[in-house]
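S.K.: compute the structure for the input listed below.
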Amino acid sequence: MQPKHTILVIDDDIAELGIMTTVLSAAGFRVLVAEDGESGVNYAIFARPDLILLDVMMPGLNGYETCEKLRSHKRTENIPIFFKTCLGDKQTTYIKGFRAGVDRIIAKPCDHDQLLLQINSRLDAAQSGYLIKTRFQLLAQSVYQELPAILFCLQLINA
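M.R.: Numbering: from 1, shown residues only. This is a model prediction of the structure:
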């Protein structure tokens, strides 16, 4: 069976990387892992995953800084990013996270079924948006190709 989507997990906790790899792989996802923010950014630019699960507290680039870097790069600016955090001050985490460009914030430890539901929901929405954009582009191209005929007909009507 071909994986349905690719998810990049960026976390400095090796145990958490293992758990997420197991859970996501069992759900049919292709899983990529990075152990720090800098390598995560580079991996995301290269691999262009469909979604990124990002830990907030990491040495080096923390989750906020990693998210900002991902949002500032053309190849990664539109990839959905979920924060995974166990930080106590939820209000500050939410404010800083959403300012950095995160799409969702998941509290650790998380219910894996709920996490999968949120991931699938976000990826389904992204797929729907892509299909609408593609269909609109095809319609615009078709109208553009027919524009000379349309203008000719309008001239005949107004003549």
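S.K.: which residue, other than its chain neighbours, is closest to Asp36?
M.R.: Gly60 (5.1 Å; CB to CB, 6 or more residues apart in numbering). Any C-beta I mention is one placed from the backbone N, CA and C, and that applies to glycine too.
S.K.: number of residues surrounding that neighbour?
M.R.: Neighbours of Gly60 under the rule other CB atoms under 10 Å: 12.
S.K.: correct me, but it touches Ser39?
M.R.: No: in this structure, Gly60 is not within contact of Ser39 by CB atoms under 8 Å, at 9.2 Å.
S.K.: tell me where the model's unsure across the chain.
M.R.: 1-3, 87-90, 125-144, 147 (pLDDT under 70).
S.K.: now do the helices in it.
M.R.: Here the chain has its helices, by DSSP state H, at 14-26, 37-47, 63-72, 90-100, 112-158.
S.K.: out of those, deepest packed?
M.R.: helix 63-72 (a mean of 21; mean count of other CB atoms under 10 Å).
S.K.: now do that helix: which elements does it pack against?
M.R.: Counting contacts by 3 or more CB pairs under 8 Å, 6 or more residues apart in numbering; DSSP states H and E, helix 63-72 is packed against helix 37-47, strand 51-55, strand 81-85, helix 90-100.
S.K.: between strand 51-55 and that helix, find me the angle.
M.R.: Here helix 63-72 runs at an angle of 150 degrees relative to strand 51-55 (axes from the mean of the first three to the mean of the last three CA atoms, to 10 degrees).
S.K.: run through who's touching helix 63-72.
M.R.: For helix 63-72, contacts defined as CB atoms under 8 Å, 6 or more residues apart in numbering pick out 10, 37-38, 40-41, 44, 52, 54-58, 61, 76-77, 79, 81, 83, 85, 96-97, 100-102.
S.K.: hmm, His112 and Val23 touching each other?
M.R.: Yes: contact criterion CB under 8 Å: Val23 and His112 qualify, at 4.8 Å.
S.K.: spit out the contact partners of the spatially most central residue of the chain.
M.R.: Central residue of the chain (CA atoms, centre = their mean): Pro80, 1.9 Å from the mean position. Listed by CB under 8 Å, 6+ apart, the contact partners of Pro80 are Asp50, Leu51, Ile52, Asp103, Arg104, Arg122, Leu123, Ala126.
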